[in-house]
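In: coords please:
(one chain, ligands or ions: 1)
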Amino acid sequence: MDATTAPRNLPGRTTSRREAHAVVIGSGFGGLAAAVRLGARGYRVTVLEGLDAPGGRAYVHHQDGFKFDAGPTIITAPFLLEELWRLAGRQLSDDIDLRPLMPFYRLMFHDGESIDWSNDLDAMRRELTRIAPGDVAGYERFMHMSEAIYRVGFQQLGHTPFGSWLDMAKVAPALIRLQSYRTLHSLVASYVRHPKLRFALSFHPLFVGGNPFTTTAVYGLIAHLERSMGVHFVMGGTGRLVTGLTDLIASQGNEVRCKAPVEAITVSGRRVTGVRLASGTEIRADVVVSNADPAMTYGKLLPPGSARSWLTRRIPGSRYSMSLFVWYFGTNRVYPQVPHHTILVGPRYKELLEDIFERKVLAEDFSLYLHRPTATDPSLAPPGCDTFYVLSPVPNLQGNVDWRERAEPYRRAIASALSAQLLPGLEQHVVSSRVTTPLDFRDRLQSLHGAAFGLEPILRQSAWLRPHNRSADVDGLYLVGAGTHPGAGVPGVLSSARVLDRVVPDV
Ligand SMILES: Cc1cc2nc3c(=O)[nH]c(=O)nc-3n(C[C@H](O)[C@H](O)[C@H](O)COP(=O)(O)OP(=O)(O)OC[C@H]3O[C@@H](n4cnc5c(N)ncnc54)[C@H](O)[C@@H]3O)c2cc1C
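Out: As a prediction, this is how the structure comes out:
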């Protein structure tokens, strides 16, 4: 932890402690974390969620006796969660059973070869000597570089508000030293030669919506983040973290209201005055924190013309992340040989990503991430059954894919690939099934172009150049979540809420 968490007293606040009311629009991890932080600072907080349950991308589907976490499954940087629990006067371990996974995940390549990835240095040396003996030293050197990037990219930049271009100017020398102008794949390729190792060290930005061949090398920090703090799973599923956070909010005397979609942010002059729900109810607030997609916040929730600054006006025309096709399924048998996290690497890497990010076409082949939480927590399925989800990165809706037509054939193609590679006879054993397509990201989660991770994480959409956590256009409006600084992923959105401690005035 660093000194950047210290709240600052900003001028211009006249409201007394008892009256100060903060409304948070949306209950994703960013919104819930913001609510805990504001609650700890004495605000009365109301979280308004449009859906019937909190969590956003971390919503939980209960179906046929199976429990499907809709989104995040890989929990890294647990200290950010511990900090929230401490702010509410509790310990994370009082409420949450967080288990480190070993190995972190299995990478299964198209030719049948696989690597078990972890932070056990001896095991990693053995794995790499088997796959790419000439690259063991290069891997170690890359991990040192990853640590150096982490120290600047995560510890400093991730928790800086970046309200002014001067903030950017201050960090520019460090960013240049860390070669952030390069793409992550090109940085990795300068350390290791074997294509499988190049994949293993560069694919991480896909977890936050970025293409390793275009995203900044700053995302090289994830390798160190995983190595130093581990990869964890929450017993009971990631949804336990969501209920844990809503319980913290309740313990602070505050509330999360579901089925309460916000239709508008109300303003007087340049100052926020509150929100209006779709039901017509108006709620007054001194501070509004939007956890909605920034394009929606400025384009739909605020009155027309509110986006004044150049940086805000360019949000709708920015580059948006890819989307995801997710198939959640339960089987009436157990597949004990399948680990908790498997990444099935397809035959093409760069070319497939060009199809997804540039050409925006649905390719015949895919790379998949398979989640089998019942490997760690069998309670997530009925006895003798397994819970799974498989996700495939796909183009966002700026492409021309008709998901009403393509979803079922695409699901079948994935099922047959899984059946051939990993889950024999799969289709006969599926007893529960549901899919999420880019249309759900657009229509259910209100994300522009159905992007799964908000704005794409590229250098020209990072730090000061990403939607700011304190609105430059509307006083009293703050933004958190994947589309804002520092970016997507659970650590990213928890950090966006952490930045608020430096820009929201004290009560
Ligand atoms: C399938 C999938 C797997 C992932 N896996 C991982 C992983 O393993 N590890 C990891 O770290 N990250 C992962 N991520 C990324 C991570 O889940 C997200 O970046 C993060 O959870 C987003 O949080 P957020 O704060 O931006 O809010 P969101 O989750 O986007 O939630 C925003 C909320 O705001 C609500 N809302 C929007 N507009 C309104 C309105 N007008 N009124 C009221 N409510 C509104 C929405 O209904 C939603 O509930 C994954 C994402 C997906 C989709």
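
In: avg pLDDT for stretch 443-450?
Out: Stretch 443-450 shows a mean pLDDT of 98.

In: Over to stretch 368-384?
Out: 98.

In: Next: stretch 488-504.
Out: The pLDDT scores in stretch 488-504 average 97.

In: now it: how far from the chain's centre is it?
Out: Its chain's C-alpha centre and that of stretch 488-504 lie 12 Å apart, by CA atoms, centre = their mean, to the nearest Å.

In: right, is it up against the ligand?
Out: Yes. Using CB under 6 Å from any ligand atom, stretch 488-504 reaches the ligand at A488, G489, V490, V493. Yep, even glycine has a C-beta here, placed from its N, CA and C like the rest.

In: Quick check: buried residues in the helix or strand E351 falls within?
Out: Using DSSP states H and E, E351 falls within helix 350-354. Neighbour-count burial for helix 350-354 flags L352, L353, E354 (criterion: 16 or more other CB atoms under 10 Å).

In: So what touches the helix or strand that contains L187?
Out: Take DSSP H and E as the rule and L187 turns out to sit in helix 184-189. Residues from elsewhere that reach helix 184-189 (CB atoms under 8 Å, 6 or more residues apart in numbering): 142, 145, 179, 198, 201-202, 204-205, 210, 212-213, 215-217, 219-220, 350.

In: Looking at the buried residues of helix 350-354, which is nearest A415?
Out: Closest approach between the buried residues of helix 350-354 and A415, by CB to CB: L352, at 19.3 Å.

In: Return the residues in contact with the closest one.
Out: Counting by CB under 8 Å, 6+ apart, L352 makes contact with G346, A363, D365, F366, S367.

In: Could you pick out the buried ones from those residues?
Out: By neighbour count, with 16+ other CB under 10 Å, the contacts of L352 hold G346, A363, F366, S367 as buried.

In: Name the nearest residue to Y181, ignoring sequence neighbours.
Out: Once flanking residues are discounted, Y181 sits nearest to L459: 6.9 Å by CB to CB, 6 or more residues apart in numbering.

In: my read: the one you found touches S180, true?
Out: Yes. Look at L459 against S180 with CB atoms under 8 Å: they come within range, at 6.4 Å.

In: Settle it for me: which of those two has more neighbours?
Out: Taking other CB atoms under 10 Å, L459 and S180 do not tie; S180 has more neighbours (25 against 17).

In: Tell me which residues are up against stretch 142-154.
Out: Under CB under 8 Å, 6+ apart, the answer for stretch 142-154 is 77, 171, 174-175, 178, 180, 187-188, 191-192, 201, 217-225, 227-228, 491.

In: Whichever of the residues you listed end up buried, select them in PyMOL.
Out: This is how PyMOL selects the buried members of the contacts of stretch 142-154, with burial counted by 16+ other CB under 10 Å:
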select buried, resi 77+171+174+175+178+180+187+188+191+192+201+217+218+219+220+221+222+223+224+225+227+491
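
In: how about stretch 294-312: buried residues?
Out: Under 16+ other CB under 10 Å, the buried positions of stretch 294-312 are P294, A295, M296, T297, Y298, K300, L301, L302, S306, A307, L311, T312.

In: Was I right to think the fourth one contacts V289?
Out: Meaning T297. No. Using CB under 8 Å, T297 is not in contact with V289, being 10.2 Å away.

In: Find the residues that touch each one of the two.
Out: Residues touching both T297 and V289 (CB under 8 Å, 6+ apart) are I25, L477, L479.

In: how near is V390 to V338?
Out: 11 Å (CB to CB, to the nearest Å).

In: ok, these two, which is more surrounded?
Out: The neighbour comparison of V390 against V338 (other CB under 10 Å) goes to V390, with 24 against 19.

In: partner strands of the helix or strand hosting the more buried one, parallel or antiparallel?
Out: For V390, the host element (DSSP H and E) is strand 386-394. Counting by DSSP bridges, the strands paired with strand 386-394 are strand 323-331 (antiparallel), strand 368-371 (antiparallel).

In: Looking at those, spot the one closest to the ligand.
Out: strand 323-331 (5.1 Å; CB to the nearest ligand atom).

In: which is the next helix or strand following that closest one?
Out: Per DSSP H and E, strand 323-331 leads on to strand 341-344 as the next helix or strand towards the C-terminus.

In: Looking at that next one now, give me its mean pLDDT.
Out: The pLDDT scores in strand 341-344 average 98.

In: returning to what we had before: right, and the pair among the buried ones among the contacts of L352 with maximum separation?
Out: For those, the maximum inter-member distance is 9.9 Å, found between A363 and S367 (CB to CB).

In: how's this protein carved up into domains?
Out: What automatic domain parsing lists as the domains of the chain is 3-99+235-317+455-503, 136-227, 322-443.
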